[in-house]
Structure formats: structure tokens, C-alpha cells
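S.K.: just the structure for this:
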Amino acid sequence: MTSLKPTRTVGSQSLATSLTHPGPAPCSPTSFAAATAIALIAGLFAAFFTAVGSAAVLAQEAQERVPGTALPLEDRETPPPRYDFSTNVTGDWFGARTWLAERGVTIRGGYAMEFMANPVGGREQGESYVHNVLLEGNFDLDRLLGVPGTTFRIAGSQRTGNSLSREDIGNAISVQQLYGGGQRVRLVQAQFITSLLEDRVNLAYGRLAATDDFLTSPLFCQFITNGICGQPPSPFFNLPDGITAYPTAVWGARAKVKPTAQTHVQLGVYDGDVPQRNDAGEDNNKHGTNLTFGDNGALILGEVGYSPEQALFRLPGHYKLGGYYHTGDFRNVAEDADGGNPFVTGLDGDRFTGNSGVYLLLDQTVYREADSRSQGLTLFYVFVYSPDDEHNTIPYYTSGGMIYEGLIPSRPNDKTAFGVHNAWFSDALSDARADAGLERQDTETTLELNHQFQITPALYLRPAIQYVITPNGQDDIDNAFVVGFEASIIF
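M.R.: Numbers count the residues shown, from 1 in each chain. The predicted structure is shown next:
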């Protein structure tokens with residue numbers, strides 16, 4: 001996800017209208033398009049249930065993904081990976097990858113893409129393709145140089161494509177998580193990771209993305225919408241240019257301590273000026289290779305977590321409480337420097353120093369199928385609160401949903417997910433827009449239903465449907481029905 005910024009274009013938002021009619025009605029072109037889109041996605045689901053059923057035996061236990069990439073999260077306790085064509089489509093490179101891994105060098109790569117379209121609703125109808133290509137190298141400095149417990153990681157990405165939300169729908173929270181951070185080649189990270197005391201203390205320092213460690217969960221990228229995948233997006237509206245997520249990174253350091261096996265405390269400090277804009281407002285860090293420090297303060301995040309193996313129903317859960325504070329300067333969303341309405345005067349908002357927020361992340365497995373460590377139903381909930389609605393575009397943000405692994409008996413490694421996210425825009429912002437004769441901004445809501453076909457451990461396809469209610473919080477933008485899919489390959 002990128003550092004999304006609030007816009008001041010004439011836009012919209014409000015509560016949902018009903019998806020159903022009280023009685024039969026003539027079939028309009030809009031309803032026909034919706035029916036056609038629903039039929040197409042239903043057909044796609046059915047076709048893949050049939051077509052890839054025979055590949056189920058190749059799909060090992062599905063792995064959680066690094067946000068915004070096609071790569072699985074690493075398990076530090078796992079020995080060097082064994083490469084074959086089912087887990088990596090380029091195989092072992094005639095033994096070279098295993099040879100390198102045994103000597104402390106692992107190379108990973110992946111390609112992920114999304115095609116989404118809105119046949120109904122939004123400002124206009126359209127479609128969009130986006131992709132992300134990632135290449136990452138991990139160097140075990142203990143094996144290579146004798147530096148104990150330390151790994152150096154460097155990664156780069158290439159992105160391309162246009163945003164369906166920005167170009168056609170007009171909503172605030174992107175329906176495509178692979179869009180953002182600049183659709184270009186860039187350095188994603190260059191960091192050292194040091195593990196101490198049998199990983200009870202874990203340090204990361206170098207070029208980091210804050211939300212690799214904070215405001216995130218491996219469950220989130222079971223969705224395509226950027227309102228869930230990666231991290232909740234409201235801090236990116238409230239701290240424009242001040243917080244990082246894949247594929248952007250800045251200088252930073254993070255320390256994580258595990259007082260017990262089931263608890264953790266972590267603190268991170270990051271450069272607070274991501275793009276390091278010049279006087280003309282141009283991004284001076286487009287490719288992530290500007291290695292200087294910015295001049296807009298620092299971002300500080302803290303988090304405590306509890307991850308019991310046997311929580312409710314004697315099943316695993318994860319509970320995190322965190323907060324952030326940015327020491328830099330930002331702009332008032334409803335009042336300019338002269339005390340006027342910025343939507344009337346066209347002036348920038350009044351400058352203020354320091355902004356903050358708190359967050360709560362919860363997930364709980366509520367059902368586990370017999371003789372399985374992963375199949376079953378997991379619920380999750382997210383709440384982010386940024387208290388001052390004159391300083392924050394989205395003071396309240398929440399999301400939640402459910403993920404079922406192995407819902408279809410013949411496809412035990414597939415995952416079915418349903419989620420919803422809700423963004424409440426600032427009352428002060430909405431009032432200022434109304435006073436300027438613009439449409440008010442109230443609440444934007446998106447629902448997503450998807451099913452991930454785990455064809456092999458290295459390949460999945462995830463058809464999805466989304467419904468965006470009051471895009472951008474404005475009543476003058478029609479609710480949008482979105483249909484499409486995400487696919488990824490691990491090289």
C-alpha cells in the first residue's frame with residue numbers, strides 16, 4: 001500500500017442503499033450488468049472448483065503472504081528451504097539454490113497481479129490491471145562472516161498499472177492492494193535483523209517499512225481490498241507522507257522483546273519524511289534510493305501483544321494494542337492559516353505539530369476441524385482511533401471478517417474469506433466541504449467475498465467480488481459493484 005493522501009476534489013460519501021428491491025421490477029441496463037457480472041464470477045468460481053480439483057494434492061499447507069507481494073512469510077525456525085517446482089516455479093536452478101541456502105544465502109522472488117472492474121456504479125465504469133514483482137535476498141551473516149544471529153535483507157520491487165478506485169470508482173480506499181507506493185522500480189528494504197537470547201530479543205535496523213511490524217497481521221492479505229490487506233489505511237490519510245508500508249521504506253529501527261513465549265512488546269522509530277519533497281512538492285525519493293534523512297520529524301510506534309495457543313474455545317488467538325506518535329508538521333483539514341475555509345480560499349490548511357493515534361487488532365480461531373492444525377474458521381477485528389477530527393481526515397476506522405481454510409472438503413488448502421471495512425470521515429472536514437457548497441463526506445464502507453484456490457504451494461488464484469457503499473463518503477457517487485481476481489506465483 002502507498003501513503004494515501006486525502007484529496008479535496010468534489011467528491012462524495014454516505015450510508016448504503018438497499019441491494020434488493022421490494023418486488024419485481026423491469027430489468028434495467030444497470031441491473032442487467034450487475035446480473036451478468038454476478039453470473040460471470042459465479043461461473044469462474046464453479047469452473048475453478050472443477051478445473052483445479054485434481055491439483056489439490058500438490059497444495060501443501062497454504063502460507064501467509066508478505067503484504068503487497070506474492071511471497072510467504074518466513075519462519076525463522078525453518079531450515080533452509082528445499083526447492084522444487086511445486087514450491088518454486090523456477091525450481092532449484094540445477095542445485096544452485098540449495099547450495100546457496102546451505103551457505104547462508106537465500107534468494108526469493110514473486111509475481112502478483114490483480115485485475116478488477118466495476119461494471120456497475122462509481123463515477124464511471126472501467127477496469128484495471130496492476131502487478132507487483134519482488135526480488136529479495138537474505139544473507140546469513142553468521143555463516144558468511146561470523147556475525148552471530150544477524151541477517152542482512154535487501155529487496156526491490158517493480159509495480160505497474162492504474163488504480164480502479166482513482167480512475168473510475170472515485171472511492172477513497174483502494175479496491176486493489178497492489179496499487180500504491182509508486183508504480184515503478186524501487187528499493188523496498190535494506191535492513192539488518194539481529195536475534196538475541198534465542199529470539200526473545202529481535203532487532204531490525206536500516207531501511208524499513210513501519211507497517212511490516214506494526215498495525216498488521218498475516219491474516220489481512222487474504223483480501224484484495226487495500227482497506228484490509230497490509231494494514232488499516234487511516235494513518236496514511238492522517239499522516240500524509242509520514243508513515244511507510246510496502247514498497248516504501250525509510251531509515252528506522254525496531255526492537256521486539258518477548259517476555260514470555262506468548263507475549264511481546266515492541267517499539268519502532270522511523271524517519272517521518274517519506275518522500276522528502278522539494279520546494280515544488282515533487283517526490284525526491286521515487287525509487288527509494290535517496291538515503292538521506294528527511295526534515296519532518298520522526299514516527300514512533302509501540303505495541304504490546306498476547307498470542308495464546310489456547311485462548312477462547314482452547315484455540316489460538318492474537319491480541320494487539322498499539323499506538324503511534326509523529327513529531328512532524330501537518331495541515332488542519334478544515335481551517336487554513338488565516339482561519340478561513342480551505343475549500344473556499346484554496347489555501348493550505350493551518351500547520352500544526354504532532355499527531356497520534358491508537359489501534360486494536362484482534363483475531364481468534366473459533367473452530368478447528370478434527371485432525372488439522374490449520375483448517376477451520378478464524379475471526380478478526382481492527383479498530384483505529386485518531387482523536388482530533390480537525391487534524392485527522394479519518395478519525396475512526398474499523399474492519400473485520402472471517403477466514404475459513406478448508407471449507408470445501410475436496411480442497412483442504414483453499415481459503416474462503418469475507419470482510420468489511422468502514423472509514424468515518426472527519427465531521428470538521430465534512431462541515432467545511434458543505435459550507436463551501438461541496439458534497440459532504442460521511443462514511444465509506446466496502447464488503448469483499450473471495451475464495452483462494454491454492455493450486456500448488458507456489459501458485460494461487462483468488463476470484464473476488466466487492467461492493468463499495470457511498471464511495472469517498474459522498475452521496476453523489478453511486479455504490480459500486482466490483483469483480484475481479486488476484487493471482488500470484490513464487491519464483
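
S.K.: where do the strands sit along the stretch 51-200 of the chain?
M.R.: Using DSSP state E, counting those that start in this stretch, the strands assigned to the stretch 51-200 of the chain run over residues 105-122, 126-140, 150-161, 185-196.

S.K.: for the second one, which strands pair with it and how are they oriented?
M.R.: What it means is strand 126-140. If you go by DSSP bridges, strand 126-140 pairs up with strand 105-122 (antiparallel), strand 150-161 (antiparallel).

S.K.: can you name the element that comes right after the shortest one?
M.R.: Beyond strand 150-161 in the direction of the C-terminus, DSSP states H and E gives the next helix or strand as helix 164.

S.K.: quick one: that following helix to chain centroid distance?
M.R.: 16 Å (C-alpha atoms, centre = their mean, to the nearest Å).

S.K.: quick one on the thing from earlier: out of the strands of the stretch 51-200 of the chain, which is closest to Ile455?
M.R.: strand 105-122 (14.2 Å; C-beta to C-beta). In short, each C-beta sits where N, CA and C put it, glycine included.

S.K.: how about CSV for the strands paired with strand 126-140, with distance to Asp431, mean pLDDT and mean neighbour count added?
M.R.: Shown next, in CSV, are the strands paired with strand 126-140 (distance: least, C-beta to C-beta, whole Å; pLDDT from 0 to 100; neighbours: other C-beta atoms under 10 Å):
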stretch, distance to Asp431, mean pLDDT, mean neighbour count
strand 105-122, 26, 97, 22
strand 150-161, 36, 97, 19
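
S.K.: adding distance to Phe220, write those out as JSON lines.
M.R.: Listed next are those as JSON lines, based on distance: least, C-beta to C-beta, whole Å:
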{"stretch": "strand 105-122", "distance to Phe220": "15"}
{"stretch": "strand 150-161", "distance to Phe220": "18"}
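
S.K.: out of these, which is closest to Ala245?
M.R.: strand 150-161 (12.2 Å).

S.K.: isn't Arg433 up against Pro342?
M.R.: No: using C-beta atoms under 8 Å, Arg433 is not in contact with Pro342; the gap is 9.9 Å.

S.K.: still on that earlier bit, same list, the strands of the stretch 51-200 of the chain, but as a markdown table with distance to Gly419 please.
M.R.: Output for the strands of the stretch 51-200 of the chain, formatted as a markdown table (distance: least, C-beta to C-beta, whole Å):
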| stretch | distance to Gly419 |
| --- | --- |
| strand 105-122 | 16 |
| strand 126-140 | 20 |
| strand 150-161 | 23 |
| strand 185-196 | 26 |
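
S.K.: can you give me the helices in the stretch 201-350 of the chain?
M.R.: For the stretch 201-350 of the chain, helices defined by DSSP state H, counting those that start in this stretch occupy the ranges 234-238, 342-345.

S.K.: burial count for Gly288?
M.R.: Gly288: 24 surrounding residues under other C-beta atoms under 10 Å.

S.K.: same question, the one 4 residues further on
M.R.: Here the count is done by other C-beta under 10 Å, and Thr292 has 11 residues near it.

S.K.: just give the nearest non-adjacent residue to Asp338, would you?
M.R.: Leu347 (6.7 Å; C-beta to C-beta, 6 or more residues apart in numbering).

S.K.: do Asp427 as well
M.R.: Going by C-beta to C-beta, 6+ apart, Asp427 has Asp389 as its nearest residue, at 5.3 Å.

S.K.: pull the number of nearby residues for Asp84.
M.R.: 11.

S.K.: for the residue nearest to Asp338, what are its contacts?
M.R.: 336-338, 340 (C-beta atoms under 8 Å, 6 or more residues apart in numbering).

S.K.: now, of the residues you listed, which are buried?
M.R.: Asp336 (16 or more other C-beta atoms under 10 Å).

S.K.: ok, the contacts of Leu347 vs Ser426, which is closest?
M.R.: Distances from Ser426 to these, taken by C-beta to C-beta, are shortest for Asp336, at 15.3 Å.

S.K.: gap between the residue nearest to Asp338 and Arg143?
M.R.: In this structure, Leu347 and Arg143 are 58 Å apart, going by C-beta to C-beta, to the nearest Å.

S.K.: wait, the residue nearest to Asp427 touches Trp424, no?
M.R.: No: judged on C-beta under 8 Å, Asp389 makes no contact with Trp424 at a distance of 9.1 Å.

S.K.: what touches both of the two?
M.R.: Common neighbours of Asp389 and Trp424 (C-beta under 8 Å, 6+ apart) are Pro395.

S.K.: low-confidence bits of the stretch 151-300 of the chain, can you list those?
M.R.: For the stretch 151-300 of the chain, not a single residue meets the criterion pLDDT under 70.

S.K.: look up how far Thr248 lies from the residue nearest to the spatial centre of the chain.
M.R.: Nearest residue to the geometric centre of the chain (C-alpha atoms, centre = their mean): Gly230, 2.1 Å. As judged by C-beta to C-beta, Gly230 and Thr248 stand 12 Å apart.

S.K.: just the terminal-to-terminal distance for stretch 290-301.
M.R.: 23 Å (C-alpha to C-alpha, to the nearest Å).

S.K.: who does Tyr129 form a beta bridge with?
M.R.: Phe115.

S.K.: quick one on the thing from earlier: out of the helices of the stretch 201-350 of the chain, which comes closest to Ala96?
M.R.: helix 234-238 (39.9 Å).

S.K.: restricting to C-alpha, output the closest one in PDB.
M.R.: This file holds the C-alpha atoms of helix 234-238, laid out as PDB (Å, rounded to 0.1, in the frame of the first residue of the first chain):
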ATOM      1  CA  SER A 234      -6.400   5.600   8.000                       C
ATOM      2  CA  PRO A 235      -3.000   6.500   9.400                       C
ATOM      3  CA  PHE A 236      -1.900   7.100   5.800                       C
ATOM      4  CA  PHE A 237      -4.600   9.700   5.400                       C
ATOM      5  CA  ASN A 238      -4.000  11.200   8.800                       C
END
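
S.K.: what's that helix packed up against?
M.R.: Using 3 or more C-beta pairs under 8 Å, 6 or more residues apart in numbering; DSSP states H and E as the contact test, the elements touching helix 234-238 are strand 349-368.

S.K.: Validate this expectation: Ala417 resides in a strand.
M.R.: Yes: the assignment for Ala417 by DSSP: H, G, I helix; E, B strand; the rest coil puts it in a strand.

S.K.: any idea how far Trp306 is from His264?
M.R.: Heads up, residue 306 is Tyr, not Trp. Tyr306 is 8 Å from His264, by C-beta to C-beta.
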